[in-house]
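Participant: sequence and predicted structure, then a few things I'm wondering about:
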Amino acid sequence: MDSRERVLTALRGGVPDKVPFVFGYIDKRIREQILGQPITYPHLPKKADWSPTFRPEEPTYLEPYECIDARVAHILGLDAIGMQYMTPIYADVDTTEDGTVYIKKSLLNTPEAVAQMKLPDVDDERIYQPALDFVKKHKGEFALYCRIRLGISPTLMSMGTEEFSYAI
């Protein structure tokens, strides 16, 4: 079985030739250490590895990001690689000396801030071009997936744990 067949067989409840080996995401710094060189390709985050950050009054965007470099997947023997669309986080961030980005202050914590939000236009077909390019580049080589962070994570980071808890 090739990687795609192996993953699809397991997802369908069948018995693949071996257990599929898949990671949803590997940090870019770890991938660069595995490769022994910097990773440069079109779909790297512009702001933070975990999501682009904005102020509520700013226009936002979804940021496509390749989760695992195909070269790293070959080295590790992975069966799947993917792309993720990172959703906006409304927060002020800072960076440590080692390059780790962290939230200093969550900004989506008042009704006024929520009213100012400018969410991405999901009907803009340009948003999907990076995913189409990714599929075209890697189709047949691996099982492919796409991740998107919806639900609690961007909300919790944008509101902050305490404000979120009180809002519930």
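Facilitator: Perfect, thanks for sending it. Note that the coordinates shown come from a computational prediction; the quantities given were computed from them, not determined experimentally.

Participant: and the helix or strand of the chain with the lowest mean pLDDT, how far from the chain's centre?
Facilitator: Taking mean pLDDT, DSSP states H and E as the measure, strand 63-66 is the helix or strand of the chain with the lowest mean score, a mean of 83. Taking Cα atoms, centre = their mean, to the nearest Å, one finds the center of strand 63-66 at 6 Å from the center of the full chain.

Participant: next secondary structure after that strand?
Facilitator: helix 70-76 (DSSP states H and E).

Participant: pull the residues that contact the helix or strand following that next one.
Facilitator: Tracing the chain C-terminally past helix 70-76 and defining elements by DSSP H and E, one meets strand 80-86 next. Around strand 80-86, the neighbours that count as contacts under Cβ atoms under 8 Å, 6 or more residues apart in numbering are 3, 7, 20, 22, 24-25, 43, 45, 50-52, 62-70, 73, 127, 130-131, 134, 138, 142-149. The C-beta positions use only the backbone N, C-alpha and C, and glycine is treated the same way.

Participant: let me see the ranges of the helices in this structure.
Facilitator: Ranges of helices in the chain, per DSSP state H, are 3-11, 28-35, 70-76, 111-116, 129-138, 152-159, 161-167.

Participant: roughly how far apart are residue 166 and residue 110?
Facilitator: Computed as Cβ to Cβ, to the nearest Å, the residue 166 to residue 110 distance reads 12 Å.

Participant: wait, residue 120 touches residue 64, no?
Facilitator: No. Residue 120 is beyond contact range of residue 64, at 11.6 Å (criterion: Cβ atoms under 8 Å).

Participant: what pLDDT is listed against the residue nearest the centre of the chain?
Facilitator: In the chain, the residue lying closest to the centroid (Cα atoms, centre = their mean) is residue 84, at 3.7 Å. Residue 84 is assigned a predicted lDDT (pLDDT) of 87.

Participant: now residue 42
Facilitator: Predicted confidence (pLDDT) for residue 42: 67.

Participant: and if you look at residue 130?
Facilitator: Value for residue 130, per-residue pLDDT: 89.

Participant: how about the nearest residue to residue 145, chain neighbours excluded?
Facilitator: Closest residue in space to residue 145, ignoring its immediate chain neighbours: residue 82 at 3.9 Å, by Cβ to Cβ, 6 or more residues apart in numbering.

Participant: which residues does the nearest residue to residue 148 once chain neighbours are set aside bridge with?
Facilitator: Closest residue to residue 148 apart from its sequence neighbours, by Cβ to Cβ, 6+ apart: residue 85 at 4.5 Å. With DSSP bridges as the criterion, residue 85 is bridged to residue 64, residue 148.

Participant: for residue 52, see how far away residue 85 is.
Facilitator: Distance of residue 85 to residue 52, computed by Cβ to Cβ: 10 Å.
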